[in-house]
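A.B. asks: pasting the sequence and the predicted model now:
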Amino acid sequence: MQSLTFATYAFKKVVIFFQHPHNDFIRIMPLDARRVGAVHFMLTVKPISIIFNFLETFWEFVAFLYMESEFVRRRGVNLKKIALIMLVFLTLVGCSQKENDLVNVESSEKSAAETSSPTLLSDLANQEFSIKENQISAGNHDSIVTFGKAFVNLYTGAVAEQERVTFENYISNKNLLKFTDKVLDVEQKQNLKGGTGVTFGSDNTFNKTEFKKLDENLYYLSLTFSNQGSGMSCKLLVQSEDKALKIVDWYFGNKDGVDTAATGHPAVRKLDNPELWDDQQWVDHVFKKLEKYESELNT
């Protein structure tokens with residue numbers, strides 16, 4: 001107990017010394033910074049610097065015990081025992097700090113992962129795609145492909161993250177916009193139940209692209225992509241409205257996809273009519289099928 005008490009006292013003295021770097025004690029330090037010479041460069045290397053500082057601190061402590069030898073002899077304290085206690089103490093402090101650093105890093109990485117997906121989806125939803133001309137042309141190929149990929153990442157990412165997003169920067173037709181919102185909602189429910197045979201996510205890898213002009217200011221775009229090895233495709237009809245790219249029809253056509261159930265099998269579902277979603281009879285028919293599909297999913 002005497003040894004532990006003295007170790008605590010001695011450690012406090014060392015701390016006080018470091019708080020007063022001009023203490024006369026500096027004159028007896030064997031590892032004076034003025035004499036390290038060629039090894040001074042090592043202080044710029046972090047692992048070596050840590051070891052160097054540790055050894056220097058420990059030597060200072062031993063030197064301090066030597067100076068206080070009269071105090072030590074009066075109390076019959078075992079110097080070896082004190083040195084061992086201090087060595088264990090400093091080692092435990094170093095390990096504890098390392099563990100805290102690891103916990104902080106893991107916590108930061110986890111926090112970044114949790115916030116990155118919603119932020120990405122928000123950025124995609126708020127992105128605007130404009131062109132210089134009133135009508136799109138073959139010269140807008142890259143812009144249209146980028147536009148299509150952004151829509152795919154937004155939709156599939158929203159399914160995976162169970163996030164509500166807006167497609168207003170991609171779709172202006174009210175019926176198609178309402179349909180897209182509804183399909184996303186049902187697809188999210190189905191994905192939670194594991195009822196889909198594909199993997200959704202916002203980090204898709206795009207492979208083949210098909211780009212074709214159908215009419216003035218109307219282009220067909222087909223994108224094939226994959227996510228974690230799960231292959232999918234998306235077909236789009238794209239127009240320009242007020243010098244902004246807009247989707248006038250879209251279709252994923254996955255085997256168990258909600259849009260497939262509502263609008264038809266790939267063999268019969270065509271994307272060639274930019275006014276399809278203005279046909280109220282078609283729209284009503286599609287929403288009835290959607291309601292039925294959702295009802296069956298909930299039972």
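C.D. replies: That came through fine.
A.B. asks: worst-scoring helix or strand of the protein, pLDDT-wise?
C.D. replies: helix 2-19 (a mean of 46; mean pLDDT, DSSP states H and E).
A.B. asks: what sits against Gly148?
C.D. replies: For Gly148, the contacting residues are Leu221, Leu223, Cys234, Leu236, Val238, by CB atoms under 8 Å, 6 or more residues apart in numbering. Any C-beta I mention is one placed from the backbone N, CA and C, and that applies to glycine too.
A.B. asks: and those as JSON lines, adding secondary structure, neighbour count and distance to Val268?
C.D. replies: Converted to JSON lines, the contacts of Gly148 look like this (DSSP: H, G, I helix; E, B strand; the rest coil; neighbours: other CB atoms under 10 Å; distance: CB to CB, whole Å):
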{"residue": "Leu221", "secondary structure": "strand", "neighbour count": "23", "distance to Val268": "20"}
{"residue": "Leu223", "secondary structure": "strand", "neighbour count": "21", "distance to Val268": "21"}
{"residue": "Cys234", "secondary structure": "strand", "neighbour count": "23", "distance to Val268": "18"}
{"residue": "Leu236", "secondary structure": "strand", "neighbour count": "22", "distance to Val268": "18"}
{"residue": "Val238", "secondary structure": "strand", "neighbour count": "28", "distance to Val268": "22"}
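A.B. asks: count the neighbours of Tyr293 for me.
C.D. replies: 17 (other CB atoms under 10 Å).
A.B. asks: please, where are all the strands along this protein?
C.D. replies: 205-215, 218-227, 230-241, 244-251 (DSSP state E).
A.B. asks: other SSEs contacting the last one?
C.D. replies: In terms of contacts (3 or more CB pairs under 8 Å, 6 or more residues apart in numbering; DSSP states H and E), strand 244-251 is packed against helix 141-161, helix 174-192, strand 230-241, helix 258-263.
A.B. asks: with the first one instead?
C.D. replies: Packed against strand 205-215 by the contact rule (3+ CB pairs under 8 Å, 6+ apart) you find helix 141-161, strand 218-227.
A.B. asks: could you say which of those is packed most deeply?
C.D. replies: Using mean count of other CB atoms under 10 Å, the stretch among the helices and strands packed on strand 205-215 with the largest mean neighbour count is helix 141-161, at a mean of 20.
A.B. asks: what's the mean pLDDT across it?
C.D. replies: For helix 141-161, mean pLDDT is 98.
A.B. asks: now do stretch 118-137
C.D. replies: Averaging pLDDT along stretch 118-137 gives 94.
A.B. asks: contact partners of it?
C.D. replies: Residues outside stretch 118-137 that contact it (CB under 8 Å, 6+ apart) are 140, 143-144, 146-147, 150, 153-154, 157-158, 161, 163, 165-167, 169, 202, 216-219, 238-240, 243-245.
A.B. asks: at 6 Å instead, please
C.D. replies: 140, 147, 150, 153-154, 157-158, 163, 165-166, 169, 202, 217, 240, 243-245 (CB atoms under 6 Å, 6 or more residues apart in numbering).
A.B. asks: circling back: want to throw the helices and strands packed on strand 244-251 into TSV with distance to Lys288?
C.D. replies: Output for the helices and strands packed on strand 244-251, formatted as TSV (distance: least, CB to CB, whole Å):
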stretch	distance to Lys288
helix 141-161	23
helix 174-192	12
strand 230-241	23
helix 258-263	9
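A.B. asks: nearest to Asn207, out of those?
C.D. replies: For Asn207, the closest of the helices and strands packed on strand 244-251 is strand 230-241, at 8.2 Å, according to CB to CB.
A.B. asks: could you pull out the buried residues of stretch 255-266?
C.D. replies: Buried residues in stretch 255-266, defined by neighbour count with 16 or more other CB atoms under 10 Å: Gly257, Val258, Asp259, Thr260, Ala261, Ala262, Thr263.
A.B. asks: adding pLDDT, write the residues you listed out as a markdown table.
C.D. replies: Formatted as a markdown table, the buried residues of stretch 255-266 follow (pLDDT from 0 to 100):
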| residue | pLDDT |
| --- | --- |
| Gly257 | 94 |
| Val258 | 97 |
| Asp259 | 97 |
| Thr260 | 96 |
| Ala261 | 96 |
| Ala262 | 97 |
| Thr263 | 98 |
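A.B. asks: ok, the residue lying closest to Phe179 once chain neighbours are set aside to Tyr219 distance?
C.D. replies: Closest residue to Phe179 apart from its sequence neighbours, by CB to CB, 6 or more residues apart in numbering: Val286 at 6.6 Å. Separation of Val286 from Tyr219 (CB to CB, to the nearest Å): 23 Å.
A.B. asks: go on, Leu271?
C.D. replies: Note on Leu271: its distance to Tyr219, by CB to CB, is 11 Å.
A.B. asks: what of Asn175?
C.D. replies: 21 Å.
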